[in-house]
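1. Okay, sequence plus prediction incoming.
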Amino acid sequence: VISGKATVDGRPLLWKNRDTWQRHNELLYDDNGKYPFVGVANAGAVERIRMGCNTAGLCIENSVSRDLAPEVDSGLSNGELIRLGLQTCATAEDFEALLKRSD
């Protein structure tokens with residue numbers, strides 16, 4: 001995360017390196033929600049977004065931690081939740097409310 005104090009236009013930056021086994025990615029534009037967004041997905045699996053930014057200015061990225069409890073097989077996946085967040089949320093508070101409503 002880079003503070004807006006360090007950028008020419010005063011806007012903060014969020015940048016991520018994808019350290020993953022999946023070497024092939026796709027950049028896509030999606031305007032099927034309230035907020036159009038640009039996102040990165042594993043190639044051939046664009047229903048799950050790994051990071052992106054929407055027209056409201058909300059940016060989301062994922063991080064995988066292998067030392068947490070095992071995943072549950074119900075509810076939205078990490079990438080599906082990111083997609084929904086980018087499509088429907090304008091702020092971090094909106095995304096927090098989405099997390100609280102999610103299974």
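-> Good, I have the coordinates.
2. Helices of this protein, start to end?
-> 78-88, 92-101 (DSSP state H).
3. what mean pLDDT would you report for the shortest one?
-> I take that to be helix 92-101. If you average the pLDDT over helix 92-101, you get 93.
4. how about it: buried residues?
-> Within helix 92-101, the residues scored as buried using 16 or more other C-beta atoms under 10 Å are Phe95. Heads up, the C-betas are built off the backbone N, CA and C, glycines and all.
5. any chance of the helices of the chain in a markdown table, plus distance to Asn17?
-> Below are these laid out as a markdown table (distance: least, C-beta to C-beta, whole Å):
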| stretch | distance to Asn17 |
| --- | --- |
| helix 78-88 | 17 |
| helix 92-101 | 22 |
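6. Looking at those helices, which is nearest to Gly33?
-> Counting by C-beta to C-beta, Gly33 lies closest to helix 78-88 out of the helices of the chain; the figure is 2.6 Å.
7. now what about that closest one, what contacts it?
-> Outside helix 78-88, the residues that touch it by C-beta atoms under 8 Å, 6 or more residues apart in numbering are 30, 32-35, 37, 39, 41, 45, 47-54, 58, 60-62, 64, 76, 94-95, 98-99, 102.
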